[in-house]
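quick one, what's the 3D model for this:
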Amino acid sequence: MEVKNWKAINKNTLQGTFDLEFVKLGLVIKGCMWHISSGRDWIAFPSREYQLNGEKRYQSIVEWKDKDIANRFFKTIAPMVKDLSGR
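A predicted model of the protein is given here:
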């Protein structure tokens, strides 16, 4: 896996966006996001915005079915994102 195209945002919890390339699969997920809040950070896959009763909401486009796999993914990707962001 490779993390590419870092773009710093620094708005609310969102630190920035990046693309995630699964080299062996030939797959690129564009627009992944790195968030930090209350001393906790996480990686979010792209989502789509929609309105519900006049309130802005977001729906995940890609998600992990298994929380253990998601945690392993985060532990692998987070250091790469932090290195690319310069933090």
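
could you use CA atoms for every contact and neighbour count after this?
Will do.

give the buried residues for the helix or strand containing residue 15.
Assigned by DSSP states H and E, residue 15 belongs to strand 14-22. Under the neighbour-count criterion of 16 or more other CA atoms under 10 Å, strand 14-22 has 14-21 buried.

repeat for stretch 19-33
Buried, per 16+ other CA under 10 Å, within stretch 19-33: 19-21, 31-33.

ok, now stretch 44-63?
Buried, per 16+ other CA under 10 Å, within stretch 44-63: 44-47.

one step back: which one of the buried residues of stretch 19-33 is nearest to residue 76?
Ranked by distance to residue 76 (CA to CA), the buried residues of stretch 19-33 are led by residue 20 at 11.9 Å.

what bridges to the residue lying closest to residue 5 once chain neighbours are set aside?
Spatial nearest neighbour of residue 5, excluding adjacent residues (CA to CA, 6 or more residues apart in numbering): residue 18 at 5.3 Å. Per DSSP bridges, the residues bridged to residue 18 are residue 32.

so who does residue 18 touch?
By CA atoms under 8 Å, 6 or more residues apart in numbering, the contact list for residue 18 reads 3-7, 30-33, 81.

so which pair among the residues you listed is furthest apart in space?
Every pair of those checked by CA to CA; the farthest is 30 and 81, at 13.7 Å.
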